[in-house]
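In: with the input below, show me the fold.
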Amino acid sequence: MSQVQTGKLVHDQAVNKSYGTLQAAIAGMPTQLAVNSAYVTHYQTCLASAIANGCGTEPFVTALKTLGARS
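Out: Residues are numbered from 1 along each chain as shown. Presented below is the predicted three-dimensional model:
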């Protein structure tokens, strides 16, 4: 994934920081459950930032639905 650039600095930074945390969480050989949990946490963080910063939420809502998580 490349860096997010929406033009809203606070949101961009939040998403990029969350993605870095996701990368660290799935490094090595975690279980599939751990990987899915890390992705859910990442997309929930991104969704909260998008809502707080007036950005589009659809990509994050869709990702959470795909993972079977609630948005």
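In: who's sitting farthest from the centroid in this structure?
Out: Met29 (20.1 Å; C-alpha atoms, centre = their mean).
In: so that one: helix, strand or coil?
Out: coil (DSSP: H, G, I helix; E, B strand; the rest coil).
In: just give me the neighbour total for Val35.
Out: 13 (other C-beta atoms under 10 Å). Placement of C-beta: from N, CA and C, glycine included.
In: quick check, it in contact with Ile26.
Out: Yes. Judged on C-beta atoms under 8 Å, Val35 makes contact with Ile26 at a distance of 5.2 Å.
In: circling back to that earlier point, what's near enough to touch the residue farthest from the centre of the chain?
Out: Applying C-beta atoms under 8 Å, 6 or more residues apart in numbering to Met29 gives no contacts.
In: against Gly54, how distant is it?
Out: Distance of Met29 to Gly54, given as C-beta to C-beta, to the nearest Å: 39 Å.
In: with Ser37 instead?
Out: As judged by C-beta to C-beta, Ser37 and Gly54 stand 28 Å apart.
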